[in-house]
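1. Okay, here's the prediction I keep looking at, along with the sequence it came from:
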Amino acid sequence: MNRAKALLLLTASLACCPAFAADAIPPGIVKDQPNSGRFVKTDAGYMVPYLQTIPGADVTFEMQPIPGGKFLLGSPDTQHGHKPDEGPQVEVEVAPFWMSTYEVTWAEYKKYMEMYQIFKKITAAKLQAVTPASKNEIVTAPSSLYDPTFTFKLGEDARQPAVTMSQFAAKQYTKWLSGITGLYFRLPTEAEWEYACRAGSTAAYSFGDDPQQLGDYAWFFDNSGERMHLVGEKKPNAWGLFDMHGNVSEWVIDGYTADGYAALQGKGVVNWRDAIAWPKKLYPRVVKGGGFAARATTTIGAPKTRIFRKAPGGSPASPPSASASAPSARSRCRPSTSATSSGTPTSNRSKATSISASIKKAAAPAPWPTRSSSTPSKS
């Protein structure tokens, strides 16, 4: 599928923010067990939902704690709507992390887009030249839009999910966010995304097997009016995450493989890091969640992204070697996005061969060089 690119990119460097002091408690962690609400117990304390403000702005976003555990990645071949690239099912063990309650909105993403003029001046003045020592701190910012009517074709309300960015742009956003907050955000891996979407469910959907209930949780073909909707208008899943089904698709870190999870078969319980399909070429990549034009058992829609933050004691996802990494830089946060997808609402995989997608954040607290349970990954 061919599409004109919505964003051009300008490279500039960004100084890393210092890590938290050894005795400091990062956002989303409390020492004492809460009397109410959701929480996840860890050795470092109790992970809880929290609000994060983007420095220098009046924009906030919320993160939800996701407990660690094991689950079956993919769907059984007996499930209605199953596709070959959703199998074979593999048991994966996931560490605790935080994921954004909603997809990244235009209110959030536009703060990143505004950095273009600042980065342009820094580059012109040669204030922060790119050197071998600083290249790992480089953040690429979106340039001025050549065709805003394409980028904002589906709308630009502050509460709409930000869409039409490439996976590279989504990863750079999480890298930028990590740098300015001093926390660690990144896109989620495919396994993390599906685990968080299921929220403990083994059914086709996070809420069960009855597609008649889908309208309570998702915007899809039957109820969307063929348009994207504001985030959070439907019911959340059991772990407090909204719009995991429908509305827009979400970017993840992984590259797309037509044979699904065949490479993991026969390896017993797979650690989430080992389950990552590190991209070895520019495309295709994986997007998850379906979109507003999707049928109940298929997913075709505009991409979206959530951000991820890892839990205390976790480590950022990183490729096994430089040769295995994709041509673009991988930001260290866990969330996803795409153009063509099909499959069941929870385990469906979409093949993204172009640039459009949306974002969901993931994060993790100290000790991380840059950010809460969301961590920018190398790409």
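-> That came in fine, so what should we check first?
2. for the stretch 101-250 of the chain, what spans make up the helices?
-> Per DSSP state H, counting those that start in this stretch, the stretch 101-250 of the chain carries helices over the ranges 106-113, 115-124, 148-151, 167-181, 190-198, 214-217.
3. wait, what's in contact with Thr101?
-> For Thr101, the contact set (CB atoms under 8 Å, 6 or more residues apart in numbering) comprises 49, 61-64, 232, 236, 240-242. Backbone N, C-alpha and C define where each C-beta goes, glycine included.
4. Now tabulate the helices of the stretch 101-250 of the chain in TSV and tack on distance to Glu226, mean neighbour count and mean pLDDT.
-> Output for these, formatted as TSV (distance: least, CB to CB, whole Å; neighbours: other CB atoms under 10 Å; pLDDT from 0 to 100):
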stretch	distance to Glu226	mean neighbour count	mean pLDDT
helix 106-113	20	21	93
helix 115-124	32	15	76
helix 148-151	18	14	73
helix 167-181	24	29	91
helix 190-198	24	27	94
helix 214-217	15	17	94
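5. Can you tell me which of the ones you listed is nearest to Pro55?
-> Set against Pro55 and scored by CB to CB, the helices of the stretch 101-250 of the chain come closest in helix 167-181, at 5.0 Å.
6. which helices and strands does the closest one pack with?
-> If you count contacts as 3 or more CB pairs under 8 Å, 6 or more residues apart in numbering; DSSP states H and E, helix 167-181 packs onto strand 9-13, helix 106-113, strand 138-142, strand 250-255, strand 305-310, strand 359-363.
7. Now tell me which of the ones you listed the model trusts least on average.
-> For those, mean pLDDT drops lowest on strand 9-13, to a mean of 25.
8. After that one, which helix or strand is next?
-> For strand 9-13, the following helix or strand on the C-terminal side (DSSP states H and E) is strand 29-30.
9. Could you list the buried residues of the next helix or strand after that following strand?
-> Tracing the chain past strand 29-30, the next element assigned as helix or strand by DSSP H and E is strand 40-42. Within strand 40-42, the residues that count as buried by 16 or more other CB atoms under 10 Å are 40, 42.
10. hey, what's Ile359 bridged with?
-> Ile359 has the following beta-bridge partners by DSSP bridges: Thr305.
11. My read is that it contacts Ser249, right?
-> No - contact criterion CB atoms under 8 Å: Ile359 and Ser249 do not qualify, at 10.7 Å.
12. any idea what sits nearest Tyr195, other than its immediate chain neighbours?
-> With CB to CB, 6 or more residues apart in numbering as the criterion, Tyr195 has its nearest non-adjacent residue at 4.7 Å, and that residue is Val94.
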